[in-house]
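>>> Predicted model and sequence follow; I will ask about them next.
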Amino acid sequence: MEQRDLELIAQYCDQDEELKALWEQHIAFEKYLEKMSSKPFLTPEENVELKSVKKQKLAGKTSILALIKKYKK
């Protein structure tokens with residue numbers, strides 16, 4: 001995300017519960033993906049889970065960007 005987007009998230013996170021929840025989920029997904037990428041080998045089940053988490057993270061990011069769009073105005 002762009003720096004301006006991150007600033008808006010930090011500014012409005014306390015006021016907007018939906019934004020806060022989506023941001024916390026986004027951070028949790030990032031941590032999970034970092035953990036999984038450090039593994040030398042992934043099982044087929046882990047690969048499926050990894051793809052699912054990436055899709056969820058992308059969907060969440062889309063929702064976050066839609067929410068902060070209203071704050072840009």
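On my side now, so go ahead. Numbering: from 1, shown residues only.

>>> where does the chain have its least confident helix or strand?
Every helix and strand in the chain was compared by mean pLDDT, DSSP states H and E; the lowest is helix 3-12, with a mean of 92.

>>> On the three-state scheme, the residue nearest the centre of the chain is what?
When the chain is reduced to its mean C-alpha position, the nearest residue by Cα atoms, centre = their mean turns out to be His26, at 2.2 Å. Classification of His26 using DSSP: H, G, I helix; E, B strand; the rest coil returns helix.

>>> Would you state the helices of the protein in chain order?
Applying DSSP state H to the chain gives helices spanning 3-12, 17-37, 44-72.

>>> What angle do helix 44-72 and the first one make with each other?
For helix 3-12 against helix 44-72, the angle by axes from the mean of the first three to the mean of the last three Cα atoms, to 10 degrees is 80 degrees.

>>> helices or strands next to helix 3-12 in the packing?
helix 17-37, helix 44-72 (3 or more Cβ pairs under 8 Å, 6 or more residues apart in numbering; DSSP states H and E). To be clear about C-beta, it is placed using only N, CA and C from the backbone, and glycine gets the same treatment.

>>> Arrange those in JSON lines, one row each, with mean pLDDT as further columns.
Listed next are the helices and strands packed on helix 3-12 as JSON lines, based on pLDDT from 0 to 100:
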{"stretch": "helix 17-37", "mean pLDDT": "96"}
{"stretch": "helix 44-72", "mean pLDDT": "95"}
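
>>> for the ones you listed, which one sits closest to Gln3?
Across those, Gln3 has its closest neighbour in helix 44-72 (12.5 Å, Cβ to Cβ).

>>> Who are the packing partners of the closest one?
helix 3-12, helix 17-37.
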